[in-house]
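*Asks:* Sequence isn't available, so here's the structure alone:
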């Protein structure tokens, strides 16, 4: 049996999600390497070798579980903390009920709609300044 077939003798296609019972996890089929199948964790990561005869298509539940695990790992890597208001890589969030915040956020939305990146940046800077001066203790 080659790395391109599963126990059911179906050819494996690159990107197919399969369950590796030896590793106890779902992997994305990458390629064959000699007598082994190369699998990669869902969402990325270090590849591992698996016995292609033992592989089977992942169930819907296993696929979902692997996807949730990958999303959780991404969230942990990025950090689930509240974004820093001084971080201009993300647009600042207006404080609900504040008229100045609402007005500046409206300016930003209008600039986005007009594809005016300069005005969008200006509105973000003004909103950050307002948040820092008026809403921070």
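*Replies:* Cool, got the structure. All values derive from a computational prediction rather than experimental measurement.
*Asks:* Determine the longest strand present in the chain.
*Replies:* strand 25-33 (DSSP state E).
*Asks:* avg pLDDT for that strand?
*Replies:* Averaging pLDDT along strand 25-33 yields 92.
*Asks:* Can you identify the element that follows that strand toward the C-terminus?
*Replies:* For strand 25-33, the following helix or strand on the C-terminal side (DSSP states H and E) is strand 36-41.
*Asks:* For that following strand, buried residues please.
*Replies:* 37, 38, 39, 40, 41 (16 or more other Cβ atoms under 10 Å). Bear in mind the C-beta positions are built from the backbone N, C-alpha and C, glycine included.
*Asks:* what comes up buried for the longest strand of the chain?
*Replies:* Neighbour-count burial for strand 25-33 flags 25, 26, 27, 28, 29, 30, 32 (criterion: 16+ other Cβ under 10 Å).
*Asks:* Let's have those in TSV, adding distance to residue 100.
*Replies:* Below are the buried residues of strand 25-33 laid out as TSV (distance: Cβ to Cβ, whole Å):
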residue	distance to residue 100
25	50
26	49
27	51
28	48
29	54
30	52
32	61
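*Asks:* which stretches of this structure have low pLDDT?
*Replies:* In the predicted model, the chain carries pLDDT under 70 at residues 1-10, 78-89, 137.
*Asks:* Would you map the helices across it?
*Replies:* Taking DSSP state H as the test, the helices found in the chain are 60-78, 99-113, 117-134.
*Asks:* what does the longest one contact?
*Replies:* In other words, helix 60-78. Contacts to helix 60-78, defined as Cβ atoms under 8 Å, 6 or more residues apart in numbering, come from residues 17, 19, 25, 26, 41, 42, 43, 44, 58.
*Asks:* Report the angle between that helix and strand 25-33.
*Replies:* Helix 60-78 runs at 90 degrees relative to strand 25-33, counting by axes from the mean of the first three to the mean of the last three Cα atoms, to 10 degrees.
*Asks:* who's in contact with the closest residue to residue 104 other than its chain neighbours?
*Replies:* Among residues not flanking residue 104 along the chain, residue 127 sits closest, at 4.2 Å (Cβ to Cβ, 6 or more residues apart in numbering). If a contact means Cβ under 8 Å, 6+ apart, then residue 127 has 92, 94, 101, 104, 105, 108 as its contacts.
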